[in-house]
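1. Below is the sequence, then the predicted model.
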There are 2 protein chains.
Amino acid sequence: MYERKIPVDLSCPLRLTMSLIDSKWKSCILDELRDTSMRPSELHKVLPEAAPRVLDLQLKELVEDGLVAKTIYPELPPRSEYSITELGRSLLPILDAMIEWGEINQDLFEKKYGPQR
Amino acid sequence: MYERKIPVDLSCPLRLTMSLIDSKWKSCILDELRDTSMRPSELHKVLPEAAPRVLDLQLKELVEDGLVAKTIYPELPPRSEYSITELGRSLLPILDAMIEWGEINQDLFEKKYGPQR
DNA sequence: AAGTATACCGAAAAATTATTCGGTATATGA
DNA sequence: TCATATACCGAATAATTTTTCGGTATACTT
């Protein structure tokens, strides 16, 4: 049985929030789910750089933490859909702020670390 | 010579922002430097869980990324101070939002993952 | 002279995270 | 029947991050 290795960090509010979203793909998953629920295969299509297994594991933790909800449709072939919860949605303003900051400063970091350097 | 293994993630604005702050201590360091510049030894005092070497490495990357500035005073014993830059300061609203979210939802996650469980 | 404190760094080890690979099960369509 | 597609999982590996340990150098205090 799967067991989370490292629990959510309860030591301070900042670390709590960070620990929920700071893995490589979680913030992207939440961002993709903001408008529509998705099946794992769809999520893989919009995040092709992430291996399906990675999405599996991170979705599982997002569900465990209550940021994402999973709905299983008893069809065949099996279908399941993942959607953002109200709790997850309450994180979106933070992601929005990060997206905005990234857009504003993208040029700066491309000049600094981009391919031409 | 030290070399950063993984560069800042330029693939999208969200990942760019995340990649600058998503290590275990960077967001805490920025938060501590919001009001006052600090010497490494002071930073270790306010973040005692972080080993000094860790602060070294993360400060180095924060400086490299332009979020923190280092000032060396040519005194003896040597003194250096780290302070937040304007660019780093522009991230503070994001950290504030994370802190606020963490405060609001702390109880929820303590009930879920806390020691009594 | 010895101990203390400062800042910093290299290397190795430990811990954690990400990825790959192969496998389960089910039903559809060719 | 065979290939395809779905979702999911275990295990091993790879990659990355964090931590520990020991060492450099300097000058002050005892």
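-> Noted; the coordinates are in hand.

2. Excluding chain neighbours, what is closest to the spatially most central residue of chain A?
-> Centroid-nearest residue in chain A: residue A:26, 2.4 Å away (criterion: C-alpha atoms, centre = their mean). Using C-beta to C-beta, 6 or more residues apart in numbering or on different chains and skipping the chain neighbours, the partner closest in space to residue A:26 is residue A:58 (5.3 Å). Every C-beta, even on glycine, is put in place using the N, C-alpha and C of the backbone.

3. who are the neighbours in contact with that neighbour?
-> Residue A:58 makes contacts with A:23, A:25-26, A:29, as judged by C-beta atoms under 8 Å, 6 or more residues apart in numbering or on different chains.

4. ok, and does whichever strand or helix holds it reach over to DNA strand C?
-> Taking DSSP states H and E as the criterion, residue A:58 maps to helix A:52-64. Yes. Judged by C-beta under 7 Å from any atom of the strand, helix A:52-64 and DNA strand C are in contact via A:52-54, A:57-58.

5. which of these are the two that sit furthest away from each other?
-> A:52 and A:58 (11.0 Å; C-beta to C-beta).

6. following whichever strand or helix holds residue A:81, which helix or strand shows up next?
-> Following DSSP H and E, the helix or strand that holds residue A:81 is strand A:79-84. Sequence order places helix A:86-89 as the next helix or strand after strand A:79-84, per DSSP H and E.

7. mind checking how far the very next helix or strand once past that following helix is from the chain centre?
-> Using DSSP H and E, the helix or strand that follows helix A:86-89 towards the C-terminus is helix A:92-113. On the basis of C-alpha atoms, centre = their mean, to the nearest Å, helix A:92-113 sits 17 Å off its chain's mean C-alpha point.

8. Residue A:71 - that's part of a helix, no?
-> No. Per DSSP: H, G, I helix; E, B strand; the rest coil, residue A:71 lies outside any helix segment and is strand.

9. Packing partners of the strand holding residue A:81?
-> The elements that strand A:79-84 packs onto, with contact taken as 3 or more C-beta pairs under 8 Å, 6 or more residues apart in numbering or on different chains; DSSP states H and E, are helix A:40-46, helix A:52-64, strand A:68-73.

10. so which of these is the most packed in?
-> Stretch with highest mean neighbour count among those: helix A:52-64 (a mean of 16; mean count of other C-beta atoms under 10 Å in any protein chain shown).

11. Let me see the mean pLDDT of it.
-> If you average the pLDDT over helix A:52-64, you get 94.

12. what's the distance between it and the middle of its chain?
-> 9 Å.

13. now swap in stretch A:59-68 and tell me
-> Here the centre of stretch A:59-68 is set off from its chain's centre by 9 Å, with C-alpha atoms, centre = their mean.

14. Send me it as PDB with only the CA atoms.
-> The C-alpha coordinates for stretch A:59-68 follow below in PDB (Å, rounded to 0.1, in the frame of the first residue of the first chain):
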ATOM      1  CA  LEU A  59      -2.700  13.500  -8.000                       C
ATOM      2  CA  LYS A  60      -2.900  11.000  -5.200                       C
ATOM      3  CA  GLU A  61      -1.300  13.400  -2.800                       C
ATOM      4  CA  LEU A  62      -3.400  16.300  -4.000                       C
ATOM      5  CA  VAL A  63      -6.500  14.200  -3.300                       C
ATOM      6  CA  GLU A  64      -5.200  13.100   0.100                       C
ATOM      7  CA  ASP A  65      -4.500  16.700   1.000                       C
ATOM      8  CA  GLY A  66      -8.000  17.700  -0.100                       C
ATOM      9  CA  LEU A  67      -7.000  20.000  -2.900                       C
ATOM     10  CA  VAL A  68      -8.300  17.800  -5.700                       C
END
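
15. Done for today, thanks.
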